[in-house]
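>>> Any chance you can model this:
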Amino acid sequence: MDTQALKSSWHLVAQSGDQVPLFFYSALFLMYPETRGMFPVSMATQRDRLVNALGHVVSNVDRVEDVVPFLQQLGRDHRKFSVVAQHYPAVGQALLATLEHFLGDRWTPALARDWTAAYGLVAKVMTEAAEEASATSPPWWEGEIILHEVRAPGIAVIRARLNYPYPFRAGQSASVSVPLRPRMWRFYSFANAPRRDNTVDFHVRVVDGGTVSTALVHGTQRGDILKIGAPVGDKLTLDTSRPRELLLVAGGTGLAPLKAIVEQVAYEGPRCNVRLFVGARTSRELYEIETLSKMDAENPWLNVVPVVSHDNFYSGEHGYAVDVALKAWHGQDVFVCGSEEMVQSSVSRLLDAGVPPGQIRFDEFTSAGGREQ
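Numbering: from 1, shown residues only. Sure thing, here's the model as predicted:
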């Protein structure tokens, strides 16, 4: 298999932008109309997910250690869409038709064989992972909302009690679907460490064009049932085998997984000091400050520092959370979570300041899930 040919051909195809997923899904639904019901009415976000996933796979096609775990997670996660092994040949046929359409004369028999072989491996890894996961867990859990509080304009804290035991770790995320937006899933981080009562918390902010986030903040209430996919991700989980001091930098609702980490440290018995810097534009957006202040007062190993960037009337720390945090850095491991823009700029600031890359933990936005948090 010529991996360079796969990369080069995908690079050419990707230059056609939104036309690529548009053609792919049109071909899929024309050839296999029964697949249309597996997708949401609006396909805008779904098209982005396809391109992101394909781009990630092809970019790492010659790095098996990176692409196989990604594909396995995709396979496990796609169970929530009722995807079964029989659907993979249909997707493969639509993909090959799309590549042939956009490559034109560059679509050669040799390239067709390489892409067929590559997709065959992708389908094999995904189906095997899905079958293995099906033996031990459902495609999704149901969670009844038992708490729904709008804490600030466009920001809600939601607690759901799940119907079955749900094994996850602090720092992980899960895809969530709400009844108002069937077949639409978005990833949100858990805002708590595992509890005995099988409840989970989410911090949700309404984002521009975010249909699921809007439904969660403004269209759900106590008693509603959420669908929650399997937990994913280990970028923000703690390595308990080597306890180190922690410096946590949160932006907006990116606070959720970092608050979960603080809870984990508290539950397990603190073996390190933790400093949590909570960034927001205004003091009104410090939606969890009362809870955090209480945690700070009760735990001598914890120091919570709220930081506001655009509020002249705020009496506390001003600026960006990462800049204030850097003043306190003296070799700690640094965890960063927030919007994609916040994470990118914060990681750049940390690297420029001399923080070793190996000591910076953040969630890369390469998931095929379409995160709204």
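
>>> which stretches of this protein form strands?
For the chain, the strands defined by DSSP state E cover 141-152, 155-162, 173-177, 186-189, 199-205, 225-228, 246-251, 274-280, 302-308, 317-318, 333-337, 360-362.

>>> Out of these, which is closest to Ser59?
With C-beta to C-beta as the measure, strand 360-362 is the member of these nearest Ser59 (18.9 Å). From N, CA and C alone the C-beta is placed, and that goes for glycine too.

>>> Report the strands that pair with the closest one, each with its relative direction.
Take DSSP bridges as the rule and strand 360-362 pairs in its sheet with strand 333-337 (parallel).

>>> Low-confidence stretches in the stretch 151-300 of the chain?
Scanning the stretch 151-300 of the chain for pLDDT under 70 picks out no residues.

>>> rewinding a little: from the strands of the chain, which stretch is densest packed?
For those, the largest average neighbour count (mean count of other C-beta atoms under 10 Å) is found in strand 246-251, namely a mean of 28.

>>> by contact count, what packs against that strand?
helix 255-268, strand 274-280, helix 321-326, strand 333-337, helix 340-352 (3 or more C-beta pairs under 8 Å, 6 or more residues apart in numbering; DSSP states H and E).

>>> Those into CSV, with extra columns for distance to Ala193?
Shown next, in CSV, are the helices and strands packed on strand 246-251 (distance: least, C-beta to C-beta, whole Å):
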stretch, distance to Ala193
helix 255-268, 4
strand 274-280, 13
helix 321-326, 22
strand 333-337, 14
helix 340-352, 22
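
>>> Show me where the stretch 101-250 of the chain has its helices.
For the stretch 101-250 of the chain, applying DSSP state H, counting those that start in this stretch gives helices covering 109-134, 211-218.

>>> Quick one: closest of those to Pro153.
helix 211-218 (9.7 Å).

>>> For stretch 179-192, list every residue counted as buried.
Neighbour counts over stretch 179-192 (16 or more other C-beta atoms under 10 Å) mark 181, 183-192 as buried.

>>> Which residue lies closest in space to Gly120, excluding its sequence neighbours?
The shortest distance from Gly120 to any non-neighbouring residue, by C-beta to C-beta, 6 or more residues apart in numbering, is to Gly92 (7.6 Å).

>>> just curious, which of the buried residues of stretch 179-192 is nearest to Met126?
Trp185 (16.8 Å).

>>> Was I right to think the closest one contacts Val176?
Yes. Under the contact definition of C-beta atoms under 8 Å, Trp185 touches Val176, with a separation of 6.7 Å.

>>> Overlap of the contact sets of the two?
212, 227, 229 (C-beta atoms under 8 Å, 6 or more residues apart in numbering).

>>> Could you point out the member of the residues you listed that lies closest to Thr3?
Gly229 (30.9 Å).

>>> The closest one: neighbouring residues, count only.
If you count neighbours by other C-beta atoms under 10 Å, Gly229 ends up with 24.

>>> what sits against it?
If a contact means C-beta under 8 Å, 6+ apart, then Gly229 has 77, 80, 139-141, 174-176, 185 as its contacts.

>>> gap between it and Val68?
Going from Gly229 to Val68 by C-beta to C-beta, to the nearest Å gives 20 Å.

>>> do Trp185 as well
Plainly put, Trp185 is 23 Å away from Val68 if you go by C-beta to C-beta.

>>> Could you dump the strands of the chain into CSV with distance to Ser293 added?
Output for the strands of the chain, formatted as CSV (distance: least, C-beta to C-beta, whole Å):
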stretch, distance to Ser293
strand 141-152, 14
strand 155-162, 16
strand 173-177, 26
strand 186-189, 21
strand 199-205, 17
strand 225-228, 29
strand 246-251, 15
strand 274-280, 10
strand 302-308, 7
strand 317-318, 14
strand 333-337, 20
strand 360-362, 25
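
>>> No more questions from me, cheers.
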